[in-house]
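Participant: Sequence plus the predicted model coming up.
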Amino acid sequence: MAPNIIGSTFILAETAISDANNNKMSTTAAPVAAAKQAPTPPAKKTSPVAAATPALDAKKAAQDPYKMQIVWHNVVLFIILHSTALYGLYLIFAESAYLEILPVYFFSFLGGLGITAGAHRLWSHKAYKAKLPLRIFLMLCQSLAFQNSIWEWTRDHRVHHKFTDTHADPHNSRRGFFFAHMGWLLCKKHPDVGGKGKQIDMTDIEQDPVVRFQKKYYFVVMPICCFVVPMMIPYYFMGTSLKVCFFTCSMLRYCLSLHGTWLVNSAAHFYGMKPYDVNISSVNSKLVASITFGEGWHNYHHVFPWDYKAAELGTYSHNWTTGFLDMMAKIGQAYDLKYVSKEMVYKRIRRTGDGSHIASQLDDNNNSSNAPTNEMVMHLDHDLEDNAIWGWDDKDITAEDRSSASIVNSEVECKQD
């Protein structure tokens, strides 16, 4: 009974969090001229109330600027979420359920792939293309992560990239670390989020039958993937009590995965270096990259959001998602993988970087004609180091980026095979 009640509670929570009709833009009409007309010819009589209303609306909008409003029922639901997660952590020690850490990590990894390889790099940024079996797998993994449907996740993330650190950014980092981390889910959205969000093209996502299926049956697919399966597998195959399975493998795992994703919105905009563009808030963080399977090279990602690696990759050690996608490319499930050439990276860091990139150090040694080699990148410490586009299909992407991009398993090659 308890799993059903708590699971239903979080379904309602996500519904409230995702789109609680908070995106409406306030509209104001132009004020009516106050000057009186000459008595002749006589002007038509108008209702004084009707004439005054637009002016009053404009005056009210000017006097009442946006104020943050806390959504208290979301606060309560988040308290419940973290309480159940802490109880799950307690049960690991109280019940000596140390082996249950393995399914917790396993399902966290699968859910992470659903976000990083699926909702993020595939659907939000169109950094590569995937065949139907891979798209179905990533859709199920994304449902396991329970962070809204693919359609909603993609829309919010494209708005974040297009209008970073403005009022239209759902998790605007200029409003503080806590707001960027999770506070944005505990208050009403700024009106600009909805207004600017309408400018984002979502037709490519709406044409994907996998996305349409998940959106239509989300509250059937999501509870099964997020709460039931992670609970029942260790229950049947490991002989663990149902209580431990639910509070650790479902609730604790879900809470930890949320905070992992939120770190990309918060820590990866505050603590780190900016090798590629010193003028934007996003930074590179090896710690965040390790936690999120490769999403911590955020300064690079905001400069080149259409790169399927989301990083200037040296090894897979802090970017397991890229390793997964390279494996999918080898078996033909992923294709048309776009990435940035070393020459493009080198030009950008020379123009806008903070000087922490190894290529900048080559410049300091009067070696400006040389580009960083693979060996240099492999040993690069990313901790020491205004693209307004959301991804490859953004109409504002530059011709230089399109023409200079390198592609693995191009669509033309796949069709020839």
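Facilitator: Right, received. Where do you want to start? Numbers count the residues shown, from 1 in each chain.

Participant: Show me the strands in the stretch 301-417 of the chain, by range?
Facilitator: Applying DSSP state E, counting those that start in this stretch to the stretch 301-417 of the chain gives strands spanning 334-335, 337-339, 406-408.

Participant: Mind giving me the packing neighbours of the first one?
Facilitator: Using 3 or more C-beta pairs under 8 Å, 6 or more residues apart in numbering; DSSP states H and E as the contact criterion, the secondary-structure elements in contact with strand 334-335 are strand 129-130, helix 320-330, helix 411-416. No exception for glycine: its C-beta is placed from N, CA and C like everyone else's.

Participant: Of those, which shows the lowest average pLDDT?
Facilitator: Ranked by mean pLDDT, these end with helix 411-416 at the bottom, a mean of 53.

Participant: burial count for the nearest residue to Leu263 once chain neighbours are set aside?
Facilitator: Nearest residue to Leu263 in three dimensions, chain neighbours excluded: Val288, at 5.0 Å (C-beta to C-beta, 6 or more residues apart in numbering). Val288: 23 surrounding residues under other C-beta atoms under 10 Å.

Participant: sec struct for Val288, please.
Facilitator: helix (DSSP: H, G, I helix; E, B strand; the rest coil).

Participant: Surely it and His301 touch.
Facilitator: No: using C-beta atoms under 8 Å, Val288 is not in contact with His301; the gap is 11.1 Å.

Participant: got a pLDDT number for Asn4?
Facilitator: On the pLDDT scale, Asn4 gets 41.

Participant: same thing with Thr352?
Facilitator: Looking at Thr352, the pLDDT reads 87.

Participant: hmm, back to that, ok, now which ones touch the residue nearest to Leu263?
Facilitator: For Val288, the contacting residues are Leu263, Val264, Ala267, Ala268, Gly272, Glu295, Gly296, His298, by C-beta atoms under 8 Å, 6 or more residues apart in numbering.

Participant: Check Lys274 too.
Facilitator: With C-beta under 8 Å, 6+ apart, Lys274 has these contacts: Ile280, Ser282, Val283, Asn284, Asn299, Gly353, Asp354, Ser356, Glu385.

Participant: again, only this time at 7 Å
Facilitator: Applying C-beta atoms under 7 Å, 6 or more residues apart in numbering, we find Lys274 in contact with Val283, Asn299, Gly353, Asp354.

Participant: Which two of the contacts of Val288 have the greatest separation?
Facilitator: Pairwise distances across those (C-beta to C-beta) peak at 12.7 Å, for the pair Gly272 and Glu295.

Participant: So which bits of stretch 279-290 are buried?
Facilitator: The neighbour-count check on stretch 279-290 (16 or more other C-beta atoms under 10 Å) flags Ile280, Ser281, Ser282, Val283, Asn284, Ser285, Lys286, Val288, Ala289 as buried.

Participant: got it, and stretch 103-112?
Facilitator: Residues of stretch 103-112 classed as buried: Pro103, Val104, Phe107, Ser108, Leu110, Gly111, Gly112 (neighbour count, 16+ other C-beta under 10 Å).

Participant: Equivalent analysis for stretch 131-151, please.
Facilitator: Buried-residue list, stretch 131-151, by 16+ other C-beta under 10 Å: 134-135, 137-151.

Participant: Helices - which of those land there?
Facilitator: Among the buried residues of stretch 131-151, the residues falling in helices (DSSP state H) are 134-135, 137-145, 150-151.

Participant: Dump stretch 335-352 to PDB, restricted to CA.
Facilitator: Provided in PDB are the C-alpha atoms of stretch 335-352 (Å, rounded to 0.1, in the frame of the first residue of the first chain):
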ATOM      1  CA  TYR A 335      24.700   7.700 -36.600                       C
ATOM      2  CA  ASP A 336      25.300  11.200 -37.900                       C
ATOM      3  CA  LEU A 337      27.300  12.000 -34.700                       C
ATOM      4  CA  LYS A 338      28.500  15.600 -34.900                       C
ATOM      5  CA  TYR A 339      31.600  16.800 -33.200                       C
ATOM      6  CA  VAL A 340      33.900  19.800 -33.200                       C
ATOM      7  CA  SER A 341      37.300  19.600 -34.900                       C
ATOM      8  CA  LYS A 342      40.500  20.500 -32.900                       C
ATOM      9  CA  GLU A 343      41.000  23.400 -35.300                       C
ATOM     10  CA  MET A 344      37.600  24.900 -34.300                       C
ATOM     11  CA  VAL A 345      38.300  24.400 -30.600                       C
ATOM     12  CA  TYR A 346      41.700  26.000 -31.000                       C
ATOM     13  CA  LYS A 347      40.300  29.100 -32.700                       C
ATOM     14  CA  ARG A 348      37.600  29.500 -30.100                       C
ATOM     15  CA  ILE A 349      39.900  29.200 -27.000                       C
ATOM     16  CA  ARG A 350      42.200  31.800 -28.500                       C
ATOM     17  CA  ARG A 351      39.400  34.200 -29.100                       C
ATOM     18  CA  THR A 352      37.300  33.900 -25.900                       C
END
